[in-house]
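*Asks:* fold the following for me, if possible:
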Amino acid sequence: MTTPDTRTEPLSADELKALEEKFDPELRFRALGPALAILSGLLLFLLSCYHFYTAGFGIPRATTHRGLHMAVTLFLVFVSFSAFGRRDRPSGLLAPLGLPLADWVLGIAAAVASLYVPWIYDQLAFRVGNPNTLDVAMGTILIVTLLEAVRRSMGWPLPVIAILFMCYAYFGQSMPGIFVHPGATWPVIVNHLYLTSQGIYGTALGVIATYVFHFVLFGVMATRIGLGQLFIDVASALTGRFAGGPAKVSVVSSALLGSISGSSIANTVTTGALTIPAMVRVGYQRHFAAAVEAASSTGGQITPPVMGAVAFLMIEYLGVPLTTILLAAIVPAFMHFFGVLLQVHLEARRLGLRGLTKEELPNALKVIREGWLSILPLILLIAMLMSGRTPFLAAFWAIVACIGVMIVQSVMRLGVTEGMKDAARGLWDGFVLGAKQSLSVTAAAALVGIIIGIVTLTGVGFKIAYMVTGLASGWAQDVHGLLSVLPFELMGIPALTLLFTLMMTAVVCILMGCGIPTTANYIIMVAVAAPILGLLGVQPIVAHFFVFYYGVLADVTPPVALAAYAASGIAGANAFQAGNTAFRLSMGKALVPFVFVFSPALLLVTPEFTVPAFLLAAGGAMLGIFALSAAITNWMLAPLHAWERALLVVAALLLIAPALVPTVIGCVFLAVPLLRQLMARRAAA
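*Replies:* Prediction:
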C-alpha cells in the first residue's frame, strides 16, 4: 500500500476534492437529497442569471440590490452548509424536509430580515436614529443569523472578531485607558449596523454584489472552457526544461491561474495536483514542493486583473479608476514571483536537479493551437478593463465570450445537436457552481460590515492608530540614539517611526488574516490598520496595498497557513514545515511592501514616480531579494560560508532601503561573496 511518505503519483479527483474541503471551509457543502438539490440548484442558477443580467443592463436601487442578493445567499448558506457536519441530518418526521427544522427557520428568517430594509427604505429617512421595536427585532435577527451563516461557511475566526467588536461598542464605559467611550445601547448599535449604509448594507456588501460575484462567475466559466489547463500547459512548455523544471512550472502556472482565481487554496489544489508530484519525482523534498506551490498560489491573489477580487474593493474605497489599481499591482506582483523563482532555481542548483525531458513536456505550438479559443474571454476582459469600461460590464461581456467559446467547443467536439446540449449542461453547471462559490464570500462581507460599522460608531480605528504610532515613535527615538555612532545618518526619526509602525501593522495584518478570506481580510484591514499609516502621511493607495499584501501573507504564515497545509496534503509532507518554508519563499512579498511605502515610485501611479526613482527602488529590491534568497538557500554559485550568509542578509536589508547611500553600501556587501565565489570557481577550473 502506498503511504504519504512514498507516494509520487497525482491524487485522484475525489482525493483532491476532499483535501480542498478539509482546508477550505467555504467548499464544505453538505450532500442534499434529490428534491432539495433541485431547489438549491435552481436558486443558485437564478442568482447567477440575475447578476449576469444586472451586469449587462444595470442594477436596481443599491439597497434593493444588496438586500435581494443577501437574502437569497443567506438562505442558500443554511441549505448548503450544515451546522455540525453530518450529525445534524434530519430524521423521523423531519426527514421529508431534507434539512433540520432549525435550518429552515434560520434560512427563512435571514432572508426576511435581509429584505426588510429594502421594503421599508422609503420610510427610513423619517426614523433612522430612532428605530421602532420591529426594526430592532429584524436587525437582531439578521445579526444573529449572519454570525451563524459565517460560522458554518468559514469557521469561527470572523464571527468571534465581530462579536468582540460589538461587545466593545456596548461596554465602552468599561474599557481601559484610551479605548474608553460612552458606550451604545443595543437599539443604537442595531440602528447603525442595520438601518444605515455604514454597516451591513455598506460598501463591502455592495462591492460583492456588484463586482465580485461577476468575477467569481467569470473565473468558474473560464476554467470550464479550459483556460486553467491552458495556463498549466503553457507554463510547462515554457519553463519545464530548465533545472528544477516542475517547480518553475508551478510558479508560472500559479501566477497565470491566480490572475483569474479568487482563492489561494483552490489555486493550490488545482495546479498542485500536477506540479507537486512532478517536483517530488525530480528530487525536491516534499515539504519544499508543497511550499513552492503554496507560495506561488498565494501570490496569485496579488496578480492582476482580479487580485482575489480586491481590485474592485479598492476602486470603491480609494475612488480611483481600475486601471490605476492594476498598474500599481504589476511590479509588486512581479517581485513576489521573482523571489520565489530565484529560490526555486538556487535550490535546484544546490541539489543538482534536472528539468523535465522533451517527452515529459507538452508542445507549446500544439497547446496554443488547440486551446487558443479559451484565452479569448480573458483578453476581452483585460481589454475592456484597460479601456475604462465599468468592471461589471467587462465581466458581462467576458462571460458572454465564455458561453460562446463553450458552445463552439462543444459543437466542434460533438456535433450541433449533442454539442448544444453539452453546452447547455456546461452553462447550468458553471452558473450553479459560480453562485455556490460566492455564498461564503457574501456572508463574510455582510458580517465585515458589522466590524466596519462598529469602527465608525466608536472611532476605535483612530484610537488604535494613535496608540501604535505613539509606541513606534518612542522606539524610533531609542534606536536613533543607538545609530548616532555611525559616521552617516542611516535613518532619521520620522523614517524609523514609519518603519516600526509598518512592522507592527504587518504583524496585525498577518494575525487578523489567519483563516479569513482575502476580501474580508482586506476590508477589515482598511478600517483598522490603514488609518495607522495615514497618520504618518502614507498615501491611501500605498497604505491599502501594504495591508492587502500582508493580509494575503497569512495564507502561508503558520500556525494557520491554510494554502501550505493544503499543499502538504498533496505532497505527503509535514504541514508545519511546509508552512515555514512557504513563508520563507514569500520573502519577496514580505519585503516589497516596505519598499513601496518608502519609495511609492515602485507602484508606477503615485506623484513621486520618476524613472530614476523607480529604477533605484526596483533595482535595489531585486538585488535585495537575490541576496536574501541566496542567504536563505545557502547557495549562490556554490555553498556559502556562514560569514557570507550574514553579509548577504545585511546587504539585503540595505538594498531594499530605497535611498542611494544604503543601496550603494548594500551593493558592496553583495559583491564581496559574489567575487569570492567567482574567484574560487576560476581557481577550481
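*Asks:* three-state assignment of residue 30?
*Replies:* On the three-state scheme (DSSP: H, G, I helix; E, B strand; the rest coil), residue 30 is labelled coil.
*Asks:* identify the residue nearest it in space, chain neighbours excluded?
*Replies:* Spatial nearest neighbour of residue 30, excluding adjacent residues (Cβ to Cβ, 6 or more residues apart in numbering): residue 82 at 4.4 Å. C-betas here are computed from N, CA, C, even on glycine.
*Asks:* and what of residue 473?
*Replies:* Of all residues not flanking residue 473 in the chain, residue 497 sits nearest, at 4.9 Å (Cβ to Cβ, 6+ apart).
*Asks:* list the buried residues in whichever strand or helix holds that neighbour.
*Replies:* Using DSSP states H and E, residue 497 sits in helix 493-512. Within helix 493-512, the residues that count as buried by 16 or more other Cβ atoms under 10 Å are 495-502, 504-506, 508-510, 512.
*Asks:* same check, this time on stretch 640-654
*Replies:* Within stretch 640-654, the residues scored as buried using 16+ other Cβ under 10 Å are 640, 644-645, 647-649, 651-654.
*Asks:* if I pick the most centrally placed residue in the chain, what's in contact with it?
*Replies:* Geometric centre of the chain, nearest residue: residue 518, 3.6 Å, by Cα atoms, centre = their mean. Residue 518 is in contact with 262-264, 301, 308-310, 551-552, counting by Cβ atoms under 8 Å, 6 or more residues apart in numbering.
*Asks:* measure it to residue 554 for me?
*Replies:* 9 Å (Cβ to Cβ, to the nearest Å).
*Asks:* ditto for residue 603
*Replies:* For residue 603, the distance to residue 554 (Cβ to Cβ) stands at 22 Å.
*Asks:* show me what the lengthiest helix in the chain is packed against.
*Replies:* Secondary structure of the chain per DSSP state H: the longest helix is helix 416-458. Helix 416-458 is packed against helix 34-57, helix 62-80, helix 133-154, helix 157-170, helix 203-207, helix 213-224, helix 391-414, helix 518-528, with contacts defined by 3 or more Cβ pairs under 8 Å, 6 or more residues apart in numbering; DSSP states H and E.
*Asks:* now these in a markdown table, with mean pLDDT and distance to residue 186?
*Replies:* Listed next are the helices and strands packed on helix 416-458 as a markdown table, based on pLDDT from 0 to 100; distance: least, Cβ to Cβ, whole Å:
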| stretch | mean pLDDT | distance to residue 186 |
| --- | --- | --- |
| helix 34-57 | 94 | 32 |
| helix 62-80 | 96 | 21 |
| helix 133-154 | 95 | 7 |
| helix 157-170 | 94 | 7 |
| helix 203-207 | 90 | 22 |
| helix 213-224 | 91 | 32 |
| helix 391-414 | 94 | 37 |
| helix 518-528 | 83 | 22 |
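*Asks:* make JSON lines out of those and add distance to residue 424.
*Replies:* Listed next are the helices and strands packed on helix 416-458 as JSON lines, based on distance: least, Cβ to Cβ, whole Å:
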{"stretch": "helix 34-57", "distance to residue 424": "12"}
{"stretch": "helix 62-80", "distance to residue 424": "22"}
{"stretch": "helix 133-154", "distance to residue 424": "29"}
{"stretch": "helix 157-170", "distance to residue 424": "37"}
{"stretch": "helix 203-207", "distance to residue 424": "31"}
{"stretch": "helix 213-224", "distance to residue 424": "13"}
{"stretch": "helix 391-414", "distance to residue 424": "9"}
{"stretch": "helix 518-528", "distance to residue 424": "31"}
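*Asks:* identify whichever of those helices lies nearest to residue 432.
*Replies:* Ranking the helices and strands packed on helix 416-458 by their distance to residue 432 (criterion: Cβ to Cβ) puts helix 34-57 first, at 4.5 Å.
*Asks:* next, the buried residues of the closest one.
*Replies:* Across helix 34-57, burial judged by 16+ other Cβ under 10 Å covers 36, 40-41, 43-45, 47-48, 50-52, 54-55.
*Asks:* do stretch 99-116 as well
*Replies:* 99-100, 103-104, 106-107, 109-116.
*Asks:* which of those residues fall in helices?
*Replies:* 103-104, 106-107, 109-116.
*Asks:* list just the nearest of those residues to residue 207.
*Replies:* Minimum distance to residue 207 across those is 17.0 Å, recorded for residue 114 (Cβ to Cβ).
*Asks:* which ones are touching the closest one?
*Replies:* The contact partners of residue 114, taken as Cβ under 8 Å, 6+ apart, are 67-68, 70-71, 74, 142.
*Asks:* quick check: it vs residue 143, distance?
*Replies:* 11 Å.
*Asks:* what is the mean pLDDT for the longest helix of the chain?
*Replies:* The pLDDT scores in helix 416-458 average 93.
*Asks:* and it with helix 518-528, angle?
*Replies:* Relative orientation of helix 416-458 and helix 518-528, computed by axes from the mean of the first three to the mean of the last three Cα atoms, to 10 degrees: 20 degrees.
*Asks:* and the contacts of the following helix or strand past helix 416-458?
*Replies:* Using DSSP H and E, the helix or strand that follows helix 416-458 towards the C-terminus is helix 460-483. By Cβ under 8 Å, 6+ apart, the list of residues contacting helix 460-483 from outside reads 165, 168, 178-179, 181, 454-455, 489-494, 496-501, 504-505, 527-528, 531-532, 534-536.
*Asks:* hmm, 7 Å instead?
*Replies:* Here helix 460-483 makes contact (Cβ atoms under 7 Å, 6 or more residues apart in numbering) with 168, 178-179, 455, 490, 493, 496-497, 500-501, 504, 527-528, 531-532, 535-536.
*Asks:* so what's the residue nearest to residue 221 when sequence neighbours are not counted up against?
*Replies:* Excluding its sequence neighbours, the residue lying closest to residue 221 (Cβ to Cβ, 6+ apart) is residue 402, at 3.9 Å. The contact partners of residue 402, taken as Cβ under 7 Å, 6+ apart, are 218, 221-222, 225, 377.
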